[in-house]
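Asker: Next one to model:
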Amino acid sequence: MAPELYHLQPRNCALLVVDIQENLMKVIPARDEVARNAALLIKAARALEIPILATTQYAHRIGDFVPEVKAELAGVTILDKLEFGCFNNQAIREAVKTLGTSVDTLIVCGVETHICVYQTVLGALRHDYRVWVPADAVASRAAKNYETGLARLREIGAVVANSEMIIYDWLHKAGTPVFKELLPALK
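Answerer: Now for the predicted structure:
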């Protein structure tokens, strides 16, 4: 079987939320869709006990997370960075290491697709993680940059999917308590 043919297993995943900050999101045309889907991914990760890491880009200047994402991140330590790629930041690399060896897959959502998301995914792949990127939970200021970013992510080996695809793969089946808990948010 080809190595890319696998289902996501919650016990092997972590969610990385990258820079969904108020001042940056003001110039993102897909702001509402990205914020809604990132919040949904965070909610699902919590329900499935999937570790969550979250970063800001120079929070002193760019500000805090958008409210709908911030609300879901309650209790998650936010790691601030100046580097565009999360794996170029020592504190974030150390936080990723604390996830343990069972985590081999990162789900990366955030902005901008062609800058911080791209450089973060590149770093994750270079650190031997499998990476999934939900196309509906990442964005750029310009459509061409978003499209080019997604194309490059595919070229380097990330799986580009969407939020529901990832969440339903985590769930594996209907009828479970976690499925019933998440169903209202998925409708």
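Asker: Every contact and neighbour count from this point should use C-alpha atoms.
Answerer: Noted.
Asker: what sits up against stretch 90-106?
Answerer: 11-16, 51, 53, 79, 86-87, 124, 128-132 (CA atoms under 8 Å, 6 or more residues apart in numbering).
Asker: Of those residues, grab the buried ones for ChimeraX.
Answerer: Buried residues among those (16 or more other CA atoms under 10 Å), as a ChimeraX selection:
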select :12,13,14,15,16,51,53,79,86,87,124,129,130,131,132
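Asker: so what does the longest helix seen in the chain touch, helix or strand wise?
Answerer: Ranked by residue count under DSSP state H, the longest helix found in the chain is helix 31-47. The contact analysis (3 or more CA pairs under 8 Å, 6 or more residues apart in numbering; DSSP states H and E) places helix 31-47 against strand 13-18, strand 52-57, helix 67-72, strand 105-111, strand 138-139, helix 163-171, helix 177-186.
Asker: Out of the ones you listed, indicate the one that is most buried.
Answerer: The highest mean neighbour count among the helices and strands packed on helix 31-47, using mean count of other CA atoms under 10 Å, belongs to strand 138-139: a mean of 30.
Asker: other SSEs contacting that strand?
Answerer: Checked by 3+ CA pairs under 8 Å, 6+ apart, strand 138-139 has helix 31-47, strand 105-111 packed alongside it.
Asker: CSV for these, including distance to Gly149 and mean pLDDT?
Answerer: As requested, those are arranged in CSV below (distance: least, CA to CA, whole Å; pLDDT from 0 to 100):
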stretch, distance to Gly149, mean pLDDT
helix 31-47, 15, 98
strand 105-111, 11, 98
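Asker: For Val17, give its distance to Leu171.
Answerer: 20 Å (CA to CA, to the nearest Å).
Asker: hmm, back to that, and the helices and strands packed on helix 31-47 as JSON lines, adding distance to Ala95?
Answerer: What follows is the helices and strands packed on helix 31-47, written out as JSON lines (distance: least, CA to CA, whole Å):
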{"stretch": "strand 13-18", "distance to Ala95": "11"}
{"stretch": "strand 52-57", "distance to Ala95": "8"}
{"stretch": "helix 67-72", "distance to Ala95": "19"}
{"stretch": "strand 105-111", "distance to Ala95": "13"}
{"stretch": "strand 138-139", "distance to Ala95": "22"}
{"stretch": "helix 163-171", "distance to Ala95": "23"}
{"stretch": "helix 177-186", "distance to Ala95": "27"}
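Asker: Out of the ones you listed, which gets nearest to Asp32?
Answerer: Nearest of the helices and strands packed on helix 31-47 to Asp32, taken as CA to CA: helix 67-72 at 9.6 Å.
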